[in-house]
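>>> I'll drop the sequence and a predicted model, then ask my questions.
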Amino acid sequence: MSPAMPRIPRTLYREEHEAYRDMVRRFIAAEVTPYLPQWEEEGLTPRSVWRKAGAAGILGATVPEAYGGSGGDFLFDAVLLEELGRAGASAPAWDLHAHIVAPYLLRYGSEAQKRAWLPKMCAGEAIASIGMTEPDAGSDLQRMRTTAVRQGDHYVVNGSKTFITNGIIGDLVLLAVKTAPEAGARGISLLLVDTKTPGYRKGRNLKKAGNKAQDTAELFFDDMRVPVAARLGEEHDGWRMLMSELVQERLIVAVRALATCAAALERTLAHVKARSAFGKPVFDYQNTRFRLADVATEVEVGQVFVDRCVELHARGALDMVTAAMAKVWTTELQDRVLDTCLQLHGGYGYMWEYPIARAWADARVHRIYAGTNEIMREIIGRQL
Ligand SMILES: Cc1cc2nc3c(=O)[nH]c(=O)nc-3n(C[C@H](O)[C@H](O)[C@H](O)COP(=O)(O)OP(=O)(O)OC[C@H]3O[C@@H](n4cnc5c(N)ncnc54)[C@H](O)[C@@H]3O)c2cc1C
């Protein structure tokens, strides 16, 4: 953030959060940023950085100590998201692992399930993913066709998933399946599947327009036998669990999007002040100042709103509609801001080696995943 921002002091974080931020920022600068270009080439992140993050306490900040974490509040997760956004680090997908999958286990897992997975996840020894989307069922998730048929104390799973983040490197997938195909949303269950289970097959690591260091995979299940004991929560109760966890998933996107905007503003200010055209810094043109004045204003306004959402969520009071509003507004702001900032970098802004180019490409997916922005508008519109 530029020295002048935020103008309205943030009151959300306490001293322990800022100390954690300091550690996370240094960790990302040393262990992530220098390696991103290589990971982008390879299309995935190595296990070593997950283990290092685990050892640094980054993967279990909000998991209770009994399960290998540090037992902090949601604000610690928000700090990590802000720092990843600030650094332009689209990978590793620690948010999906620690802020999306781990909370399902914590809220709905049995004691045995928690003990089996959470300590390894906190240590970065087991990498988690979530498998909801299928080739013919994305927004309309109820149409999923992957089935789990009960046979004694096992389910026999057949079907496929696509676009699964951490699908290549993952050890655990929280898998949404149909246990009663005729019952629509009421026939969905969630299974904790070890990716070494026979019948579990990884497909392609999909080539993407951005987030290139994150692996995004197709998954296939052929007569995969999963113990009934690996079911999360009650049978047929998957839809309710999915809906309740989506509030946090959408807020996560919003927090990160806003931090990305603030970082883009900072980088662009530095660039336009250093770069000259027709004998004066690009910053000295009124067009530049006006456009960045708009960016600065929107980031300032957005920060107050997002901070308030985070505060509400930290005490369990953020509702589905407000989370949808936060996701829509911040991700569309992000696209506008990054487009402006890239333009003000001129041709350099289009070069991959410049963080603004990466940020622009990485941002686009935020309007698509965690529920598309059209679906967010449906959620908001229904409540009006
Ligand atoms: C990089 C990346 C990572 C992902 N990671 C994961 C993951 O880890 N796990 C996972 O399960 N999924 C993941 N996804 C999938 C993501 O959640 C879906 O892509 C998303 O939900 C949209 O589904 P779809 O792609 O099938 O699009 P569709 O549902 O086919 O949508 C196509 C278009 O139709 C619009 N539309 C659909 N329904 C309506 C409606 N009712 N009203 C108005 N417009 C509508 C959509 O908004 C969209 O514009 C990921 C996707 C990407 C791109």
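Cool, the structure landed.

>>> quick check: which element contains Glu18?
Using DSSP states H and E, Glu18 maps to helix 15-31.

>>> kindly report the same for Ala61.
Ala61 is part of no helix or strand, with elements assigned from DSSP H and E.

>>> what residues are up against it?
Tyr20, Gly69, Ser70, Gly72, Phe76, Asp77, Leu80, Ala98 (Cβ atoms under 8 Å, 6 or more residues apart in numbering). All C-beta spots, glycine's among them, are computed from the backbone N, C-alpha and C.

>>> who's in contact with the residue lying closest to it once chain neighbours are set aside?
In space, and not counting its chain neighbours, Ala61 is closest to Phe76: 3.8 Å by Cβ to Cβ, 6 or more residues apart in numbering. Residues in contact with Phe76 (Cβ under 8 Å, 6+ apart) are His17, Tyr20, Ala61, Thr62, Ser70.

>>> number of residues surrounding the fourth one?
The local packing count at Thr62 equals 20, with neighbours defined by other Cβ atoms under 10 Å.

>>> from the ligand, how far off is it?
20 Å (Cβ to the nearest ligand atom, to the nearest Å).

>>> quick one: that residue from Ala19, how far?
Distance, Thr62 to Ala19, by Cβ to Cβ, to the nearest Å: 16 Å.

>>> tell me which residues of stretch 57-75 come out buried.
Using 16 or more other Cβ atoms under 10 Å as the test for burial, stretch 57-75 gives 57-63, 67-70, 72, 74-75.

>>> chain center to it: distance?
Mean-position distance between stretch 57-75 and its chain equals 17 Å (Cα atoms, centre = their mean, to the nearest Å).

>>> next: stretch 244-262.
Going by Cα atoms, centre = their mean, where stretch 244-262 is centred and where its chain is centred differ by 7 Å.

>>> show me which positions of it end up buried.
245-262.

>>> so of the contacts of Ala61, which ones are in helices?
In helices, defined here by DSSP state H, the members of the contacts of Ala61 are Tyr20, Phe76, Asp77, Leu80.

>>> check the residues you listed and tell me the two furthest apart.
When Cβ to Cβ is used, the two most widely separated members of the ones in helices among the contacts of Ala61 are Tyr20 and Asp77, lying 10.3 Å apart.

>>> quick one: which of the two has more around it?
Ranked by neighbour count (other Cβ under 10 Å), Tyr20 and Asp77 place Asp77 first, with 25 against 22.

>>> which residues are in contact with the more buried one?
Per Cβ under 8 Å, 6+ apart, neighbours of Asp77: Ala61, Thr62, Asp95, Ala98, His99, Ile252.

>>> kindly recompute the last result at 7 Å.
Ala61, Thr62, His99 (Cβ atoms under 7 Å, 6 or more residues apart in numbering).

>>> and the buried residues of stretch 57-75, which is closest to the ligand?
For those, the residue nearest the ligand by Cβ to the nearest ligand atom is Leu59; the value is 16.9 Å.

>>> any idea how far that closest one is from Glu125?
Distance of Leu59 to Glu125, computed by Cβ to Cβ: 10 Å.

>>> my understanding was that Asn166 contacts Ile127; is that so?
Yes. Between Asn166 and Ile127 a contact is recorded at 5.5 Å, counting by Cβ atoms under 7 Å.
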